[in-house]
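1. Here is the input, now give the coordinates:
(one chain, ligands or ions: 1)
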Amino acid sequence: MLEVKQLKVEIGKESILDNVAFSVEKGSVVGLIGHNGAGKSTVMKTIMGWQDKKEGTITLNQVDQDQSFIAFKKQLAYIPEEPFLLPELTTMQHFQLYGQSYQLDEKTFTKRAQELSEQFEIADKLNEYPESLSKGMRQKVQTICALLPEVPLLLIDEPFMGLDVHAAHDLQEMLIEKAQNGTSILLTSHQLERMEELADTYIMLHHGRVAEHGVIEDFDSLSRRGTE
Ligand SMILES: Nc1ncnc2c1ncn2[C@@H]1O[C@H](COP(=O)(O)OP(=O)(O)OP(=O)(O)O)[C@@H](O)[C@H]1O
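-> From the prediction side, this is the model:
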């Protein structure tokens, strides 16, 4: 599904990612693990096309990021670590923006926007602007935007940060259900217990390189090293 090969990223003269390679199969959840600054968000941003790569290829269902960027991009959605909302748009207007950019038909859009707003308990905030929302609520708006289009691949950076226990639990259940229905998920989290519950396999980055990878069951002894 997602194939990342020989990925190299430099920012200025600094090497940020070097020879990173991995794949994500259909319906699987892959945990991207590593200490602060290991390069996890950079992997996500590079897949999104927000960060240029120096070398390497990224393909999604055989669509190459460099050759057909729009077709590539339509297949994925990203939940960044920090909510990235526009101050001049209300919650509903953010949903509409995403619905339009993924070309959702109106009926599907209305149904999904309503369902997700209720699931995330922000149905009473649809006409609010980001500045009047709490951080957790902004995170929920961002999360809903990414969940609206039902794309084959979700990239999720620290999905549980800022969410209360109840919302984090609901999101975890939702992601498990999505994966069971065939959505592939690449996620980062420093909450290693959640990662162990959610992921099928892990990739551990260390100073911008893949240090280890394997099935999540083999992850135990890595937990300490991963967060050091
Ligand atoms: N815009 C930038 N300019 C310069 N250096 C950057 C930039 N963005 C990231 N870096 C550097 O790239 C490296 C990887 O950062 P990245 O955000 O990918 O790490 P991370 O694994 O997601 O960390 P965290 O767990 O803290 O979120 C770090 O050394 C960081 O300082």
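2. Can you tell me what sits against stretch 52-72?
-> Stretch 52-72 has contacts (Cβ atoms under 8 Å, 6 or more residues apart in numbering) with 1-10, 17, 20, 46-47, 49, 75-76, 152-153. In this view, the C-beta of every residue, glycine as well, is placed from N, C-alpha and C.
3. so what are the domain limits for the chain?
-> With automatic domain parsing as the criterion, the domains of the chain are listed as 1-75+152-228, 85-150.
4. Quick one: those domains as TSV, columns for mean neighbour count and mean pLDDT too.
-> Below are these laid out as TSV (neighbours: other Cβ atoms under 10 Å; pLDDT from 0 to 100):
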stretch	mean neighbour count	mean pLDDT
domain 1-75+152-228	17	91
domain 85-150	17	95
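5. Distance to the ligand for the ones you listed - can I get that in JSON lines?
-> Output for the domains of the chain, formatted as JSON lines (distance: least, Cβ to the nearest ligand atom, whole Å):
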{"stretch": "domain 1-75+152-228", "distance to the ligand": "3"}
{"stretch": "domain 85-150", "distance to the ligand": "15"}
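6. which helix is the longest one in this structure?
-> If you go by DSSP state H, the chain has its longest helix at helix 165-180.
7. Which ones among the contacts of stretch 52-72 lie within strands?
-> Taking DSSP state E as the definition of strands, the contacts of stretch 52-72 contribute 2-10, 17, 20, 76, 153.
8. Looking at the residues you listed, which two lie furthest apart in space?
-> Glu10 and Leu153 (25.0 Å; Cβ to Cβ).
9. what sits against the closest residue to Ala146 other than its chain neighbours?
-> Leaving out its chain neighbours, the residue that sits closest to Ala146 by Cβ to Cβ, 6 or more residues apart in numbering is Ala77, at 4.0 Å. Residues near Ala77 by Cβ under 8 Å, 6+ apart: Tyr98, Tyr102, Cys145, Ala146, Leu147, Pro149, Val151, Leu153, Leu154, Leu155.
10. now the angle between helix 165-180 and the very next helix or strand once past the longest helix of the chain, please.
-> Using DSSP states H and E, the helix or strand that follows helix 165-180 in sequence is strand 184-188. Using axes from the mean of the first three to the mean of the last three Cα atoms, to 10 degrees, the inter-axis angle of strand 184-188 relative to helix 165-180 is 140 degrees.
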